[in-house]
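Asks: 3D, please:
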Amino acid sequence: MCRNRLELSLFGSDVVLGKFRLISSENYDKFLKELGVGVVKRTAFKASTPVEEFSADGDGTYTLRTAALRTTAVEFRLGEEFEEDRQDGVRVKTVMIRDGHKLVQKQFGEKEVDIVREFFEAGLTVTLTVNGVSSRRVFERL
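Replies: Residues are numbered from 1 along each chain as shown. Next comes the predicted model:
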């Protein structure tokens with residue numbers, strides 16, 4: 001039995017999974033710098049308050065819509081590679097897998113990026129890592 005509504009929704013049904021707004025960040029500038037993002041874009045990214053929205057349909061396809069400096073949306077199936085344009089405009093290949101109440105994303109491009117989203121009833125925590133440099137971002141459920 002799932003411990004909370006979100007865990008059940010995220011990995012066991014086709015309902016809208018939720019909408020989350022950034023409330024805090026740690027080490028984000030260092031992460032962006034290591035990723036190769038220039039100072040102007042880094043400043044803009046740090047000033048934005050992104051909203052991530054997860055939804056799913058009945059055939060196992062998930063959608064992640066991110067509204068930050070620009071709005072992006074990707075559709076994916078767990079374990080299947082797809083292409084996406086990151087917020088910094090770089091096109092990468094991506095795979096997302098499930099690990100309990102976590103969604104683990106790997107981006108493959110010039111630099112490999114790991115993104116781990118850990119879901120809770122009140123929100124989610126996102127840990128981004130590139131070349132050993134990590135950032136932790138906390139989102140509240142809307």
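
Asks: Can you show me the CA trace of the one helix or strand E53 maps to as PDB?
Replies: Assigning secondary structure by DSSP states H and E places E53 in strand 51-56. Only the C-alpha atoms of strand 51-56 are listed here, as PDB (Å, rounded to 0.1, in the frame of the first residue of the first chain):
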ATOM      1  CA  VAL A  51       6.900  25.900 -11.600                       C
ATOM      2  CA  GLU A  52       7.000  22.200 -12.600                       C
ATOM      3  CA  GLU A  53       3.800  20.300 -13.400                       C
ATOM      4  CA  PHE A  54       3.600  16.500 -13.800                       C
ATOM      5  CA  SER A  55       0.700  14.800 -15.400                       C
ATOM      6  CA  ALA A  56       0.100  11.300 -16.900                       C
END
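
Asks: Would you mind pulling up the elements that that strand packs against?
Replies: Helices and strands touching strand 51-56, by 3 or more Cβ pairs under 8 Å, 6 or more residues apart in numbering; DSSP states H and E, are strand 18-26, strand 62-67. For glycine as for every other residue, the C-beta is placed from the backbone atoms N, C-alpha and C.

Asks: Low-confidence bits of this protein, can you list those?
Replies: Within the chain, the segments meeting pLDDT under 70 span 1-16.

Asks: which stretches of it form strands?
Replies: In the chain, the strands defined using DSSP state E lie at 18-26, 51-56, 62-67, 71-76, 82-85, 91-99, 102-108, 113-119, 123-130, 133-141.

Asks: Understood, closing this out.
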